[in-house]
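Engineer: mind looking at a prediction? Sequence and model below.
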Amino acid sequence: MVCSLDFAELRARVEGLGLSRFVTTQLVDWVYGKGVTDWDRMTNLSRANRELLAKELPFTLTLDKSQAEGEVVKYLWRLADGKAVESVLILAEGRRTVCVSSQVGCAARCAFCASGQNGLIRDLSCGEIVEQVVRINGVLMEKGERVSHVVFMGMGEPLHNRSAVFPALRHLTDAQLLGISRRRITVSTVGVVEGIHELAQSGLDVNLALSLHAPTQELRRRLIPYAREVDLGSLLEAVALYAATTGRNATYEYTLIAGVNDQPEHAEGLADLLDNQQCTVNCIPYNPVPGRRLERPSRESVSAFMRTLRRRNVVATCRITKGDDIAAACGQLALQEPQAIVGNSPQQLQLI
Ligand code: SAH
């Protein structure tokens, strides 16, 4: 709740509770400046004020469990209604990237992704999205670090929850709140055409990644049930318009699945489709999801796929798989509790 409000809204609420203006500055400094979400630590606020604020403007996430593997830490958050979502912190190349969830479950039901296997359960609120970043920022701040990047690549389809995601993007970039650069925030979408247009018009100016996964409509609709209703031409036009409006190059994500979309003809088809576009193709070798009879391609076929793209002058990168031993890699976020996640105390986390 506290994380769903911007500075002006917080001030109005705080003053509405009969507290002085200055309390808002103190509260914002604790939460966003110092990464503190424990009311007892907000020592320059009186006990009575803390109790009032905790009741009227509560934090909404409870850390249920977390698990670390190498450069990846996965957090399982309990929401106020008992439902749960996950976020992932990735420590790499000097970056501190938080991968946030935007929904509980997902309606897109991609064939290779765990998040949508039970469909959409509910949208997250703006506060629930922002709080994922605030809480992980708090853990990092104990070590003198901060969240540097945010990617909307956890559970859910962010452009199916625009009424919460757009305000959350505002809070993340607001200099009075988290102040993360727009260039360091990426919204990844399964391809919600009207959502891409709205994001372009919003002036939020974040990076956009489109989950393409196939060079043709025919193959794409087999992998992404949602894509059956989406014309590939209109989708690519929306992405091109986004790039033109924001001045940002588009990124296309392409999950490589052995024998399904990783063959030389797929790479050639993709290069034809993206001909003349200034863009990057980010290849993600499939991360295994229980119950799916799909396989990750061999290193050789991943390299061959990338070589073909590069020969055709398409900029191609490959996302190195991180965190798949703790089911924290792309597409593995689903609620597998309690058996797959090992509990750590917040103290242990600070050592990571
Ligand atoms: N709903 C958003 C965010 C999804 S997660 C979207 O569709 O873009 C981020 C990326 O991981 C997407 O490109 C998604 O398709 C991909 N992904 C999902 N499951 C995967 C899996 N099992 N292995 C590799 N990539 C996967």
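Structural biologist: Cool, got the structure. Numbers count the residues shown, from 1 in each chain.
Engineer: C-alpha only now, for contacts and for neighbours.
Structural biologist: OK.
Engineer: partner residues bridging Arg78?
Structural biologist: Thr62, Ala84 (DSSP bridges).
Engineer: show me the contacts for it.
Structural biologist: Going by CA atoms under 8 Å, 6 or more residues apart in numbering, Arg78 touches Leu61, Thr62, Leu63, Asp64, Ala84, Val85.
Engineer: please report how far the residue of the stretch 1-150 of the chain found nearest the ligand lies from Leu91.
Structural biologist: Closest contact between the stretch 1-150 of the chain and the ligand, by CA to the nearest ligand atom, is at Cys113 (3.5 Å). Distance check for Cys113 against Leu91: by CA to CA, to the nearest Å, it reads 23 Å.
Engineer: could I get the contacts of Arg78 in TSV, plus columns for pLDDT and distance to the ligand?
Structural biologist: Formatted as TSV, these follow (pLDDT from 0 to 100; distance: CA to the nearest ligand atom, whole Å):
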residue	pLDDT	distance to the ligand
Leu61	97	21
Thr62	97	23
Leu63	97	22
Asp64	96	22
Ala84	96	17
Val85	96	13
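Engineer: can you pick the most crowded of those?
Structural biologist: Val85 (26 neighbours; other CA atoms under 10 Å).
Engineer: surely that residue and Ser66 touch.
Structural biologist: No: applying CA atoms under 8 Å, one finds Val85 not in contact with Ser66, separated by 11.7 Å.
Engineer: joint contacts of those two?
Structural biologist: Residues touching both Val85 and Ser66 (CA under 8 Å, 6+ apart) are Leu76.
Engineer: about what we covered before: Cys113 and Leu91 - which one has more neighbours?
Structural biologist: Neighbours were counted for Cys113 and for Leu91 using other CA under 10 Å; Cys113 has more, 24 against 16.
Engineer: let me know the pLDDT of that one.
Structural biologist: For Cys113, the model assigns a pLDDT of 94.
Engineer: likewise for Arg96?
Structural biologist: Per-residue confidence (pLDDT) for Arg96: 98.
Engineer: so where do the strands sit in the protein?
Structural biologist: 62-69, 72-78, 84-92, 95-99, 103-105, 120-123, 149-152, 185-189, 207-211, 250-256, 279-285, 315-318 (DSSP state E).
Engineer: the longest one packs against which elements?
Structural biologist: Strand 84-92 is packed against strand 72-78, strand 95-99, strand 103-105, with contacts defined by 3 or more CA pairs under 8 Å, 6 or more residues apart in numbering; DSSP states H and E.
Engineer: between those, which one is closest to Val31.
Structural biologist: strand 95-99 (17.1 Å; CA to CA).
Engineer: most packed of the helices and strands packed on strand 84-92?
Structural biologist: strand 103-105 (a mean of 27; mean count of other CA atoms under 10 Å).
Engineer: please see if that strand touches the ligand.
Structural biologist: No: counting by CA under 6 Å from any ligand atom, no contacts exist between strand 103-105 and the ligand, the nearest distance being 9.3 Å.
Engineer: show me what that strand pairs with in its sheet, parallel or antiparallel.
Structural biologist: Strand pairing for strand 103-105, using DSSP bridges, gives strand 120-123 (antiparallel).
Engineer: pLDDT on the partner strand, on average?
Structural biologist: Across strand 120-123, pLDDT averages out at 97.
Engineer: in it, what counts as buried?
Structural biologist: Leu120, Asp123 (16 or more other CA atoms under 10 Å).
Engineer: who does the residue lying closest to Val147 once chain neighbours are set aside form a beta bridge with?
Structural biologist: Nearest residue to Val147 in three dimensions, chain neighbours excluded: Arg96, at 5.0 Å (CA to CA, 6 or more residues apart in numbering). Arg96 has these beta-bridge partners by DSSP bridges: Leu91.
Engineer: Arg96: what's it in contact with?
Structural biologist: The neighbourhood of Arg96, defined by CA under 8 Å, 6+ apart, consists of Leu89, Ile90, Arg146, Val147, Ser148, His149.
Engineer: out of the helices and strands in this structure, which is least certain?
Structural biologist: When each helix and strand of the chain is scored by mean pLDDT, DSSP states H and E, helix 346-349 comes last, with a mean of 24.
Engineer: so what are the domain limits for this protein?
Structural biologist: Using automatic domain parsing, the domain parsing of the chain gives 1-59, 60-322.
Engineer: burial-wise, tell me which of the ones you listed comes out on top.
Structural biologist: The highest mean neighbour count among those, using mean count of other CA under 10 Å, belongs to domain 60-322: a mean of 19.
Engineer: how about the residues of this protein near the ligand?
Structural biologist: Residues of the chain lying close to the ligand (CA under 6 Å from any ligand atom) are 112-113, 153-154, 156-157, 188-190, 210-211, 253, 255, 284-289, 330-332.
Engineer: rewinding a little: need the max-distance pair from the contacts of Arg96.
Structural biologist: Across the contacts of Arg96, no pair lies farther apart than Ile90 and Arg146, at 12.2 Å, counting by CA to CA.
Engineer: apart from its neighbours in sequence, what residue is nearest Pro264?
Structural biologist: Using CA to CA, 6+ apart, the closest residue to Pro264 is Phe305 (6.2 Å).
Engineer: what does Asp324 give?
Structural biologist: Here the residue nearest Asp324, using CA to CA, 6+ apart, is Asn287, at 6.9 Å.
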